[in-house]
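In: sequence first, predicted model second:
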Amino acid sequence: MRICFELLEMLKAHKKAIRRAAVSTFGYIAKAIGPQDVLHTLLNNLKVQDRQMRVCTTVAIAIVAETCGPFTVLPAIMNEYSVPELNIQNGVLKALSFMFEYIGDMAKDYIYAVTPLLEDALMDRDQVHRQTGCATVKHLALGVANMGQEDALLHLLNYVWPNIFEESPHVIQAVFDAIGGLMVSLGPNVILQYVLQGLYHPARRVREVYWKVFNTLYIYAADALVMGYPALEDERKHEYDEEAVDAVLLDEHQGSKEAEVMNCYARTTLELFI
């Protein structure tokens, strides 16, 4: 434990290599003597004013979680979030962000436990809370992709989405990163249903943001978006032959070759138009 207290001083070092070695050492100590005492020391260190020390402390907490198992660390850091102090709450969120980045698919066992905490963070008035909450959602979503946790992720998306109109560049970057992570885990068509609402909004400021999200979807998953495009009614100048699509869906057992060809052209034309 005396080594732990000395290591905390090493987190102030100017050299990155020294700071990195110090946080790694916390993991080895926790493995040797158990995480409880080490964690108590690190959580107390979140109260300091020096930002560099707090960030290094959150990395150390995440390394302890990775080394000893997230279940040994999560109850303590979630309990620490109840302290009504900005620095401590931000530190807890950052520790969760690093932890989910490190543990990857192990996050599937803990997603339901941390969802209420992330709800609170994403609704907070403080911008940094929402920024760090979005970063946590990103790592969480990428970790549990294709593992059947879509219900919790969709719930978190509903809290992330209102932040797309943020002004701060750091916050907006974190929000778009979170939406990118959710695009991987929920699929692009889920995000598309949110985006379609605002593409032709009367206000330019709203349209710009929605088109930015749509462009991201189009760059990363243009082929997957085709099945999510809306069925459009025929206009005077344009005809969208959706009947051919329905014919294939209804007669797929009969294998109507003509309808299949028409379906291919109808969908391609619709995609080019949009």
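Out: Yes, it's here.
In: helices along the protein, start to end?
Out: 2-10, 16-33, 35-45, 51-68, 70-80, 86-103, 111-122, 127-143, 150-160, 169-186, 188-195, 204-225, 242-250, 257-273 (DSSP state H).
In: would you convert these into CSV that also reports distance to R236?
Out: For the C-beta atoms, the positions are set from N, CA and C on the backbone; glycine is no exception. Formatted as CSV, these follow (distance: least, C-beta to C-beta, whole Å):
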stretch, distance to R236
helix 2-10, 73
helix 16-33, 65
helix 35-45, 67
helix 51-68, 60
helix 70-80, 59
helix 86-103, 52
helix 111-122, 45
helix 127-143, 44
helix 150-160, 38
helix 169-186, 36
helix 188-195, 27
helix 204-225, 25
helix 242-250, 17
helix 257-273, 15
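In: for D234, which of those helices is the nearest?
Out: D234 sits nearest to helix 242-250 of all these, at 8.6 Å, using C-beta to C-beta.
In: quick check: the gap between the closest residue in space to V114 that isn't next to it in sequence and M123.
Out: Leaving out its chain neighbours, the residue that sits closest to V114 by C-beta to C-beta, 6 or more residues apart in numbering is L96, at 6.4 Å. Separation of L96 from M123 (C-beta to C-beta, to the nearest Å): 16 Å.
In: for P70, what are its contacts?
Out: M99, I103, M106, A107, D109, Y110 (C-beta atoms under 8 Å, 6 or more residues apart in numbering).
In: please repeat the previous calculation with a cut-off of 6 Å.
Out: Residues near P70 by C-beta atoms under 6 Å, 6 or more residues apart in numbering: I103, Y110.
In: next: the one 10 residues further on.
Out: Shown here is E80, whose contacts under the criterion C-beta under 6 Å, 6+ apart are L43, V92.
In: kindly recompute the last result at 10 Å.
Out: Residues near E80 by C-beta atoms under 10 Å, 6 or more residues apart in numbering: L39, L43, N44, L46, K47, I61, I88, Q89, G91, V92, A95.
In: cool, and R207?
Out: Listed by C-beta under 10 Å, 6+ apart, the contact set of R207 reads G198, L199, Y200, H201.
In: quick check, Q52 in contact with A13.
Out: Yes: using C-beta atoms under 10 Å, Q52 makes contact with A13 at a distance of 9.2 Å.
In: what do these two both touch?
Out: R19.
In: nearest to R19 among the contacts of E80?
Out: Relative to R19, the closest of the contacts of E80 is I61; by C-beta to C-beta it sits at 14.4 Å.
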